[in-house]
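**Q** here is a sequence together with a model predicted from it:
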Amino acid sequence: MENRRSLSKYLFRGSILTLALIFLLLNLLAWSQASNLVTHPMDERPPVTMQSLPEELPFQDVLVNANDGLALHGWYLPSENGAIILMQHGYKSDREEFVEEATIFGRAGYGVLVTSVRAHDVNDGDQITFGLREMQDIDAWVSFALLQPGIDPERIGMIGNSLGASMTIQYAANHDAIKAIVAHSAFSSMRDTIETSIRHFTGLPPFPFAPLIQFWAEIQLGFSINEINASAWIADISPRPVFLLHSLDDTVISPGSGQLLYEAAREPKEIWLENGVDHADFEQAFPEKFADRVIGFFNRQFFPEGRPLKE
């Protein structure tokens, strides 16, 4: 009898130690993945060149500094119609993400400012804060745009992809300088998309890793992901117009995010939903339709009387 009790105690202690080891290993893996998600060191970023931009459009390399001194790099194309569109890339991407859109708008006579934020592109910094500190980066780019000759301050628009789209919503909600926005594959909130995004970016199953990775990411960043909520911001953009684009088969951002944002937005608002499209890929899947609908959206806002644009 005594031997049975001793064996039971031994097995119980062994089970506790095994569970504790599993818990420790799960947290170590989650901490590592959280660190990878919120940091983007320079040696992990590809080089950025202007070679893919069309030669007939005089794009320029430009540089601004955020309020905290970080250097940020972009491409600028002067406007031929007084309007300018700022284009903000997505998570762990860079300016080359917007070559197609920059070309489309440039050939239509629009000024183009392809922006980038900290910890991306060839910029200073290595921590991604999902909009918390990046707002000062976008603010530096808007200030740059307003200082350019020939720019009508009533004709400043923004396009963002993915995280860039959510940051575009966040910025426009708090800054009247932006008169119209296109949000391509934005997440409605970090909470809404965390399981989808964790699966995509880490390859790990949402359970049990999503809550663990969220916990360690919040520890490293020093704020709650609940603070990142485009659904709470988007209504404040009204009466300026919003155009939302989202794939119903998105594997990066929760597919329902576009509809959630549309429901939260006030008029004027538009939405374009599609099946069978990759994340933030409308310009590739439907190039002519994308050009017609997105440029048409800005034309209606900036040139309601049908002012001629460059052909």
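**A** Cool, the structure landed. Numbers count the residues shown, from 1 in each chain.
**Q** Gly164 and His89 touch, don't they?
**A** Yes - assessed by C-beta atoms under 8 Å, Gly164 is found in contact with His89 at 5.1 Å. Using the backbone N, CA and C atoms, a C-beta is placed for each residue, glycine as well.
**Q** which stretches in the chain count as strands?
**A** Ranges of strands within the chain are 60-65, 71-77, 84-88, 111-115, 156-161, 180-184, 242-247, 269-274, based on DSSP state E.
**Q** dump the longest one to CSV, restricted to CA.
**A** Think strand 71-77. The C-alpha trace of strand 71-77 is given here as CSV (Å, rounded to 0.1, in the frame of the first residue of the first chain):
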residue,chain,number,x,y,z
ALA,A,71,14.8,59.6,-40.6
LEU,A,72,12.1,58.4,-43.1
HIS,A,73,12.5,57.9,-46.8
GLY,A,74,9.9,58.3,-49.6
TRP,A,75,9.3,59.0,-53.3
TYR,A,76,7.7,62.2,-54.5
LEU,A,77,6.1,63.1,-57.8
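**Q** what's the mean pLDDT across it?
**A** What strand 71-77 shows for mean pLDDT is 98.
**Q** chain center to that strand, what's the gap?
**A** 17 Å (C-alpha atoms, centre = their mean, to the nearest Å).
**Q** walk me through which strands that strand pairs with, and which way each runs.
**A** The pairing partners recorded for strand 71-77 under DSSP bridges are strand 60-65 (antiparallel), strand 111-115 (antiparallel).
**Q** now it against strand 84-88, angle please.
**A** With axes from the mean of the first three to the mean of the last three C-alpha atoms, to 10 degrees defining the directions, strand 71-77 sits at 140 degrees from strand 84-88.
**Q** could I get the strands paired with strand 71-77 as a markdown table with mean pLDDT?
**A** Below are the strands paired with strand 71-77 laid out as a markdown table (pLDDT from 0 to 100):
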| stretch | mean pLDDT |
| --- | --- |
| strand 60-65 | 98 |
| strand 111-115 | 98 |
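**Q** please identify the most buried of those strands.
**A** Among those, strand 111-115 has the highest mean neighbour count (mean count of other C-beta atoms under 10 Å), at a mean of 27.
**Q** what residues does that one touch?
**A** Contacts to strand 111-115, defined as C-beta atoms under 8 Å, 6 or more residues apart in numbering, come from residues 59, 62, 72, 74-81, 83-89, 95, 98, 102, 105-106, 137-138, 141, 144-145, 148, 150-151.
**Q** let's see it at 7 Å
**A** Residues outside strand 111-115 that contact it (C-beta atoms under 7 Å, 6 or more residues apart in numbering): 74-79, 83-88, 95, 98, 102, 105-106, 138, 141, 145, 151.
**Q** chain center to it, what's the gap?
**A** 16 Å.
**Q** got the angle for that strand vs strand 156-161?
**A** 40 degrees.
**Q** that older thread, so which of the strands of the chain gets nearest Ser254?
**A** Among the strands of the chain, the nearest to Ser254 by C-beta to C-beta is strand 242-247 (9.5 Å).
**Q** remind me what the closest one packs against, helices and strands.
**A** Packing partners of strand 242-247 (3 or more C-beta pairs under 7 Å, 6 or more residues apart in numbering; DSSP states H and E): strand 180-184, helix 257-264, strand 269-274.
**Q** for the longest one, buried residues please.
**A** Of the residues in helix 257-264, those with enough neighbours to count as buried (16 or more other C-beta atoms under 10 Å) are Ser257, Gly258, Gln259, Leu260, Leu261, Tyr262, Ala264.
**Q** ok, now which ones touch the fifth one?
**A** Applying C-beta under 7 Å, 6+ apart, we find Leu261 in contact with Ala183, Ala186, Ser188, Ala230, Ser231, Ile234, Leu244.
**Q** can you give me the pLDDT of it?
**A** Per-residue confidence for Leu261 comes out at a pLDDT of 98.
**Q** which residue packs closest to it, ignoring adjacent ones?
**A** Ser188 (5.0 Å; C-beta to C-beta, 6 or more residues apart in numbering).
**Q** where along the stretch 201-311 of the chain do the helices fall?
**A** For the stretch 201-311 of the chain, the helices defined by DSSP state H, counting those that start in this stretch cover 206-221, 230-233, 257-264, 282-285, 287-302.
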